[in-house]
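A.B. asks: have a look; sequence and predicted model below, questions after that.
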Amino acid sequence: KDLSKRLLLGKSASIDAERSMITKLKTECGSQFTSHLEGMFKDIDLSRDIVSSFRQSAQARASLPPNMDMLIHVLTQGYWPSYPPTEVKLPAELNAYQEVFREFYLSKHSGRRLHWQNSLAHCVLKVNFPKGTKELVVSLFQTVVLMLFQDQDQLSFKDIEEASGIEAKELKRTLQSLACGKVRVLVKSPKGRDVDDTDTFHFNQDFSEKLFRIKINNIQVKESLEENAATTERVFQDRQYQIDAAVVRVMKTRKTLSHTLLISELYKQLQFPIKPADLKKRIESLIDREYLERDENDAKVYIYLA
């Protein structure tokens, strides 16, 4: 997920360094381990060409809202981490842009389906405050909430929930970031760090910041014990190929090795914490797949099968 965020947000310090790391992983762990990572880079490259073609198309020139641009990444579902679907009622301008792109894309690629991942989108809004114009770098959810205040001076939590279509828990996090954080574009009444269903919000007419472009960070959600356990399990699943490759590499060199010495050698090579029981599972898996076998005279000794 970290790599996906760097690619989608353009935060990678060096694309060449990222590709170089994938090449090293491919050498160490095999092409099966890196196929999804390579697919992610391929999607990013193809998306640039798709967006360039879209901007030059007749549909875009005739139908797109003025004073607005959108960078779209078309991602292959099998390559990228899964993200839970999130509902939101988009402003008319954004919705129109999405529909024009959908028509363009499906006209070129019949039989495909597009699902918008709203939780990954971010925007740059130009906002005219009484004390000067600013550019706000915000998430799509923050954008939807802020654009409701174009025609309204004050809105209640319930009004915003109904107009935005954002799920209540996500909406509270979004409003916290806009009204309770370091940069407060909205003013909450009554004051406080938490957002309640009875709160009301109005546009901050006194907003003043020295910077012209301001990033408003989202409020991070703490990972629950269940989510932490699930994350740990996913990480182990991803590392299985790396463990298998290390076992095969050691055994290919040594040909015959005792269980204790093999475990010791693996701990030297693997650069992440792992339990002996998990290593034993991977060794058993390699025996089942006939990469290794046990010595007939000593079950604690492994033999490499060429």
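C.D. replies: Nice, I can see it.

A.B. asks: which residue packs closest to Lys126, ignoring adjacent ones?
C.D. replies: The shortest distance from Lys126 to any residue other than its chain neighbours is 5.5 Å, reached at Glu135 (CB to CB, 6 or more residues apart in numbering). To be clear about C-beta, it is placed using only N, CA and C from the backbone, and glycine gets the same treatment.

A.B. asks: same question, Ser139
C.D. replies: His122 (5.3 Å).

A.B. asks: and the one you found, how far from Ile243?
C.D. replies: Note on His122: its distance to Ile243, by CB to CB, to the nearest Å, is 36 Å.

A.B. asks: go on, Met251?
C.D. replies: For Met251 relative to Ile243 (CB to CB), the value is 13 Å.

A.B. asks: please apply the same query to Tyr291.
C.D. replies: 12 Å.

A.B. asks: more neighbours: which of these two?
C.D. replies: Ile243 (23 against 18; other CB atoms under 10 Å).

A.B. asks: ok, then the element right after whatever helix or strand the more buried one lives in?
C.D. replies: Taking DSSP states H and E as the definition, Ile243 sits inside helix 225-254. Where DSSP H and E defines the elements, the next helix or strand beyond helix 225-254 is strand 256-258.

A.B. asks: dump the helix or strand that comes right after that following strand to CSV, restricted to CA.
C.D. replies: Using DSSP H and E, the helix or strand that follows strand 256-258 in sequence is helix 259-269. Presented in CSV, the C-alpha positions along helix 259-269 are these (Å, rounded to 0.1, in the frame of the first residue of the first chain):
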residue,chain,number,x,y,z
HIS,A,259,17.4,-28.1,10.7
THR,A,260,19.3,-26.0,13.4
LEU,A,261,22.0,-24.8,11.0
LEU,A,262,19.4,-24.0,8.3
ILE,A,263,17.3,-21.9,10.7
SER,A,264,20.5,-20.1,11.9
GLU,A,265,21.5,-19.3,8.3
LEU,A,266,18.1,-18.0,7.4
TYR,A,267,18.1,-15.6,10.4
LYS,A,268,21.4,-14.2,9.0
GLN,A,269,19.9,-13.7,5.6
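
A.B. asks: and the contacts of the next helix or strand after helix 259-269?
C.D. replies: Using DSSP H and E, the helix or strand that follows helix 259-269 towards the C-terminus is helix 276-288. Outside of helix 276-288, the residues within contact range by CB atoms under 8 Å, 6 or more residues apart in numbering are 236, 240, 243-244, 247-248, 259, 262-263, 266, 292-294, 302.

A.B. asks: repeat that for 10 Å
C.D. replies: 236, 239-244, 246-248, 251, 259, 262-263, 266-267, 270, 274-275, 291-294, 302, 304-305 (CB atoms under 10 Å, 6 or more residues apart in numbering).
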